[in-house]
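Colleague: Fold the following and give me the result.
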Amino acid sequence: MEQPDTAPVPLKDHLKTWPQYLMPGHLLSRLMQGLTRVRWAGFREPFTDWFVDRFQVNMEEAQEPDPHAYEHFNAFFTRALKAGARPLVDGPYDIACPVDGTVSQAGPITDGRLLQAKGHDFSLVELLGGSEKRAAPFQGGSFATLYLSPRDYHRIHMPIDGTLREMVHIPGRLFSVNAVTARRIPRLFARNERVAAIFDTAAGPMAMVLVGAVFVGSIETVWSGVVTPPAGRVVRRWRYDDAAQPIRLARGEEMGRFNMGSTVIVLFGPQALDWADSIQPGAGIRMGQRLATRRLSGTEEPSGIQ
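Modeller: Numbering: from 1, shown residues only. From the prediction side, this is the model:
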């Protein structure tokens, strides 16, 4: 793994990160949740206009391009896109990018740890709620950490056809998840509140970990609605593998969303895939583009049929 980062820390990085240890992250996020659902036009419209201008949001690709047409800011923030705005890879072995954003890191899970940033890594077991059994299928596998900025499209889609096996809500802190914080706060993604959804796919087990952050009012999935709030203090777990009607989602289908922005970590097992050449730290990504190519299993014919 990476050696500790011994380079001097810029003062501006300290000023951006150390106050977060003192901030009441959940309280601030609950306040933001309330503000983003205010319907009064006197607040909603100027705030939305400021946001569009500040973050250069492209409203031309939205299904509803008028920012004043949304009932509240959160509806605008989680807006749908026009049909065809995000072409979906359609090769039989293609794994699609689940979100718009930026690649933070992508690579192997080595000795049970994922690279966070230079000098920092974190535990796979801790990320998935402390369960060795839950983490076991991903040991020696691959991961990609994908950061969604405020300007990005904030719905999360399936990278590959999958059947839901389990969902876990892991309480935690609510630090920011931007690049500066990732460089300076140890175990960031394993400390923040998060929701992990684990699927069975043609590429083997896949986990989608939706990591909360300060001002992320809530995380929701299409099958259960809002998972958080409440924040809680204990890990909550839901099993779906014995359901009378299994939850199956196709590649490209929406699986969840952030009500305000954050990070998605995608996990696959050993020998499951090869990352696309474009998936490098710092690279911009769009939902639907090729994230990776899955490898054939020993029993598959190279016919392209999943």
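
Colleague: going forward, measure contacts between C-alpha atoms and count neighbours the same way
Modeller: Fine.

Colleague: Where does the prediction get shaky in the stretch 151-300 of the chain?
Modeller: Within the stretch 151-300 of the chain, the ranges that satisfy pLDDT under 70 run 174-184, 214-217, 230-232, 260-261, 298-300.

Colleague: quick one, domains of this protein?
Modeller: The domain map for the chain lists 11-77, 94-294, with the assignment taken from automatic domain parsing.

Colleague: Any idea which of those gets closest to Gly84?
Modeller: Closest approach to Gly84 among those is made by domain 11-77 (9.2 Å; CA to CA).

Colleague: Ile265 reaches Phe143, doesn't it?
Modeller: Yes: here Ile265 reaches Phe143: they are 6.8 Å apart, a contact under CA atoms under 8 Å.

Colleague: Which of the two has more residues huddled nearby?
Modeller: For Ile265 and Phe143, the more surrounded residue by other CA atoms under 10 Å is Phe143, and the numbers stand at 24 against 21.

Colleague: For Ala196, list each beta-bridge partner.
Modeller: With DSSP bridges as the criterion, Ala196 is bridged to Val168, Val209.

Colleague: Give me the neighbour count for it.
Modeller: Counted with other CA under 10 Å, the neighbours of Ala196 add up to 22.

Colleague: With the one 10 residues further on instead?
Modeller: Residues within reach of Met206, counting by other CA under 10 Å, total 27.

Colleague: bridging residues for the most centrally placed residue in the chain?
Modeller: Centroid check for the chain by CA atoms, centre = their mean gives Val264 as the closest residue, at 1.6 Å. Per DSSP bridges, the residues bridged to Val264 are Leu146, Leu210.

Colleague: so who does it touch?
Modeller: By CA atoms under 8 Å, 6 or more residues apart in numbering, the contact list for Val264 reads 145-148, 208-211.

Colleague: try it again with 7 Å
Modeller: With contact set as CA atoms under 7 Å, 6 or more residues apart in numbering, Val264 has these partners: 145-147, 208-211.

Colleague: Show me which of those residues are buried.
Modeller: Neighbour-count burial (16 or more other CA atoms under 10 Å) is assigned, among the contacts of Val264, to 145-147, 208-211.

Colleague: now, among those, which is nearest to Pro171?
Modeller: Taking CA to CA as the measure, Pro171 sits nearest to Val211 out of those, at 10.4 Å.

Colleague: gap between that closest one and Arg165?
Modeller: Using CA to CA, to the nearest Å, Val211 is found at 19 Å from Arg165.

Colleague: ok, now Thr293?
Modeller: Distance from Thr293 to Arg165, by CA to CA: 22 Å.

Colleague: Neighbour count: those two, which is higher?
Modeller: Ranked by neighbour count (other CA under 10 Å), Thr293 and Arg165 place Arg165 first, with 21 against 18.

Colleague: Look at Pro46 and give its secondary structure.
Modeller: Following DSSP: H, G, I helix; E, B strand; the rest coil, Pro46 is assigned to helix.

Colleague: where along the stretch 151-300 of the chain do the strands fall?
Modeller: Assigned by DSSP state E, counting those that start in this stretch, the stretch 151-300 of the chain shows strands spanning 155-157, 162-170, 194-201, 204-211, 218-221, 225-228, 236-239, 248-249, 254-259, 263-268, 273-275, 284-285, 290-294.

Colleague: Cool, thanks, signing off.
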